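S.K.: Below is the structure, and that's it, no one-letter string:
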């Protein structure tokens, strides 16, 4: 290779190095400029959350918007770019009966969008391990601890729910028993109860897993252990609702549906009458 060719090759290498240096310099300048622009934009008054009304709440059904806004850990005013969405989501789930939270920033107009999925309470859970008294009498639960039960069988502390808003309505359905023993069965049972006939069930006594007792407009109904025949038992109760108009319905001790093919009605045992006069 001649000296001329070597010189030309060295010149091309120097040009390539110069081009690479300029490209790297432009990248550094661009990154620095972008960073400075973001910092500058973050300090502008335009990108500041000044009021709770700049936080839009979506997905709530029973917890008021004002209540959820008051639970957000946001000191006002606050730069939009200094807000930590994951921290806000964790704090909101810890303070309210919320199953899932997604927090995202909104640039125009500046604000936050908080999407929530609530844990809707569907029943009052009365925790008790006492077995119901035999013979159909409703033995009250002793040393019971009340909470709220959602559709999935999770317990919501009653105090935390009521403290959110005094105007929140509590569910009317009551479940008595140990939540740990019926939690796996509750989602399916509740779905069958809601999708079944329009039966007025005000209470489920699950203290004895071998005999789930329903409190209905007809009185107490023994269903035995909860299993696949529960929907059939609900249909039988629906067909028996005409008994509610019978004059002696108030005297029924309980209805035994442990065999839905052959339901029985338990009445009080007649008391022995003692005749007055000489024995």
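M.R.: The structure has been received and is ready for your questions. Keep in mind that this is a model prediction, so the values were computed, not measured.

S.K.: Residues touching stretch 165-185, excluding its own?
M.R.: For stretch 165-185, the external contacting residues (C-beta atoms under 8 Å, 6 or more residues apart in numbering) are 62-64, 67, 121-129, 141, 144, 147-149, 153-155, 161-162, 186, 189, 201-207, 209, 226. To be clear about C-beta, it is placed using only N, CA and C from the backbone, and glycine gets the same treatment.

S.K.: what is the mean pLDDT for it?
M.R.: Average pLDDT, stretch 165-185: 90.

S.K.: which parts of it are buried?
M.R.: Applying a neighbour-count criterion of 16 or more other C-beta atoms under 10 Å, one finds 173-177, 179, 182, 185 buried in stretch 165-185.

S.K.: Please enumerate the strands of the protein.
M.R.: Per DSSP state E, the chain carries strands over the ranges 48-49, 55-58, 78-79, 98-106, 111-118, 121-127, 145-150, 155-157, 174-177, 201-205, 213-216, 219-222, 254-256, 264-266.

S.K.: Reformat these as JSON lines; add distance to residue 195.
M.R.: Conversion of those to JSON lines gives the following (distance: least, C-beta to C-beta, whole Å):
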{"stretch": "strand 48-49", "distance to residue 195": "44"}
{"stretch": "strand 55-58", "distance to residue 195": "28"}
{"stretch": "strand 78-79", "distance to residue 195": "46"}
{"stretch": "strand 98-106", "distance to residue 195": "22"}
{"stretch": "strand 111-118", "distance to residue 195": "21"}
{"stretch": "strand 121-127", "distance to residue 195": "13"}
{"stretch": "strand 145-150", "distance to residue 195": "17"}
{"stretch": "strand 155-157", "distance to residue 195": "23"}
{"stretch": "strand 174-177", "distance to residue 195": "18"}
{"stretch": "strand 201-205", "distance to residue 195": "13"}
{"stretch": "strand 213-216", "distance to residue 195": "16"}
{"stretch": "strand 219-222", "distance to residue 195": "18"}
{"stretch": "strand 254-256", "distance to residue 195": "22"}
{"stretch": "strand 264-266", "distance to residue 195": "27"}
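
S.K.: between the ones you listed, which one is nearest to residue 194?
M.R.: Nearest to residue 194 among those is strand 121-127; the distance by C-beta to C-beta comes to 8.5 Å.

S.K.: avg pLDDT for that closest one?
M.R.: Computed over strand 121-127, the mean pLDDT rounds to 93.

S.K.: What pairs with it, parallel or antiparallel?
M.R.: If you go by DSSP bridges, strand 121-127 pairs up with strand 145-150 (antiparallel), strand 174-177 (parallel).

S.K.: Tell me which residues are up against it.
M.R.: 97, 141, 144-151, 155-156, 158, 161, 170-171, 173-179, 190, 204.

S.K.: How about the spatially most central residue of the chain: what's its closest non-neighbour residue?
M.R.: Residue closest to the mean C-alpha point of the chain, counted by C-alpha atoms, centre = their mean, is residue 119 at 1.6 Å. In this structure, residue 119 finds its nearest non-sequential neighbour in residue 97, 4.2 Å apart by C-beta to C-beta, 6 or more residues apart in numbering.

S.K.: Residue ranges in the protein under the pLDDT threshold?
M.R.: Scanning the chain for pLDDT under 70 picks out 1-3, 6-7, 35-45, 129-144, 244-250, 269-279.

S.K.: need the longest helix for it.
M.R.: helix 3-42 (DSSP state H).

S.K.: how much distance is there from that helix to the middle of the chain?
M.R.: Remark: helix 3-42 is offset 56 Å from the chain centroid, using C-alpha atoms, centre = their mean, to the nearest Å.

S.K.: helices or strands next to it in the packing?
M.R.: Using 3 or more C-beta pairs under 8 Å, 6 or more residues apart in numbering; DSSP states H and E, no helix or strand is in contact with helix 3-42.

S.K.: Counting neighbours, what do you get for residue 87?
M.R.: Number of residues near residue 87 (other C-beta atoms under 10 Å) recorded here: 12.

S.K.: mind listing what it touches?
M.R.: By C-beta under 8 Å, 6+ apart, the residues touching residue 87 are residue 73.

S.K.: Looks like residue 266 contacts residue 257 (just checking).
M.R.: No - the pair residue 266 and residue 257 fails to qualify as a contact (C-beta atoms under 8 Å) at a distance of 11.2 Å.
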